[in-house]
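1. Quick one: sequence plus predicted model below, questions after.
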Amino acid sequence: MKLTLNNFKPIIYILVSFFGYAAQAQLVNIESKRMHTDSIRFVLNSDLLFNYTDNNGEYILQIGSNLTTQFKSKNLKSIYFLLGNVNLIRSKDEDFQNSYFLHARFNQKLSELVRFEAFLQNQNNQKLTISERNLLGVGLRLKILDKNGTLAYFGNSYIYEIESVDDSDQKFYNHRNSSYISLNQSFKKYRLDITGTLYFQPLYNNISNHRILSQFKAEMPLTKRISFSALYNYSVINFNSDLEDNRASNVSFGFTLNL
């Protein structure tokens, strides 16, 4: 049987679902990316995926890279956090995924309950209505509950963003509010962690133009080396303009091997 690109399309869509969702979404849940390292001052996690397949001149190229790193000051009150990823899945005739995402954040502990945060972000994805998004933000993060394995945070930030639409050569300069609430419950008896996060990001002068992201994540170790995780995302991008609204949902399951 002769293999063509059509034989690989189902596999490509699965790869996009597992490796490319974070970069596809115009809203990214930074809460799920935070690194809780207690007194460890420096942490670096990175991975690189490269794959090239050629069958009778029809090729598939896949490149994926993720980087997450965090540095804490000597008194552990200042945190510098950097997150980045690149995803490319390309064939001879079509790009199934072509995107990158960069996020840098500074966190300063003001008290046991209050943190100040400032952040920069740049993301690009030619497959989305908003093909490029740049933003600068400042705000506060509050720990509202820490008891019996339950952690809850509330955050509110001001965001200045610049968004580009390649199809129409439009640019939008927005002042946006970003609020989120994050709840984590740890069931030590079952070694199960469940995290839920809800974001709401409206324009200050037009609340109908808003973004909503909800995410639920469950993690459970099966053995000392293998863990199971389940993730559900739902996002709504309401432009309140001539642009078509974006709605997306994603469910994924996976296993992690810890060596």
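-> Arrived safely, thanks for sending.
2. The longest strand belonging to the chain: what's the following helix or strand?
-> With secondary structure taken from DSSP state E, the chain has its longest strand at strand 170-187. The helix or strand immediately downstream of strand 170-187 is strand 192-202, counting by DSSP states H and E.
3. Give the buried residues for that next one.
-> 193, 195, 196, 197, 198, 199, 201, 202 (16 or more other CB atoms under 10 Å). All C-beta spots, glycine's among them, are computed from the backbone N, C-alpha and C.
4. repeat for stretch 29-48
-> Result for stretch 29-48 [16+ other CB under 10 Å]: buried residues 29, 30, 31, 34.
5. Now for the nearest residue to the second one once chain neighbours are set aside: which residues touch it?
-> Going back to what we said before, that points to residue 30. Residue nearest to residue 30 in three dimensions, not counting chain neighbours: residue 103, with 6.5 Å by CB to CB, 6 or more residues apart in numbering. By CB atoms under 8 Å, 6 or more residues apart in numbering, the residues touching residue 103 are 28, 30, 33, 81, 82, 83, 84, 119, 120, 121.
6. Kindly indicate which of the buried residues of stretch 29-48 lies nearest residue 60.
-> Taking CB to CB as the measure, residue 29 is the one of the buried residues of stretch 29-48 closest to residue 60, at 29.0 Å.
7. Quick check: the gap between that closest one and residue 107.
-> 16 Å (CB to CB, to the nearest Å).
8. What of residue 89?
-> For residue 89 relative to residue 107 (CB to CB), the value is 33 Å.
9. out of the two, which sits in the more crowded spot?
-> residue 89 (22 against 18; other CB atoms under 10 Å).
10. I'd assumed residue 53 was in contact with that one.
-> No: using CB atoms under 8 Å, residue 89 is not in contact with residue 53, being 11.2 Å away.
11. Give me the most central residue, the protein.
-> Residue closest to the mean C-alpha point of the chain, counted by CA atoms, centre = their mean, is residue 28 at 3.4 Å.
12. Flag every buried residue along stretch 239-257.
-> Those would be 239, 243, 246, 248, 250, for stretch 239-257 by 16+ other CB under 10 Å.
13. Need the phi and psi values for residue 254.
-> phi -160, psi 170 (degrees, to the nearest 10).
14. How about it: what's its closest non-neighbour residue?
-> Nearest one to residue 254, counting by CB to CB, 6+ apart, is residue 229 at 5.3 Å.
15. Please tell me how far the one you found sits from residue 166.
-> 34 Å.
16. same check, this time on residue 203
-> Taking CB to CB, one finds residue 203 at 22 Å from residue 166.
17. which residues does the nearest residue to residue 245 once chain neighbours are set aside contact?
-> Spatial nearest neighbour of residue 245, excluding adjacent residues (CB to CB, 6+ apart): residue 238 at 5.3 Å. Listed by CB under 8 Å, 6+ apart, the contact set of residue 238 reads 208, 209, 210, 211, 212, 245.
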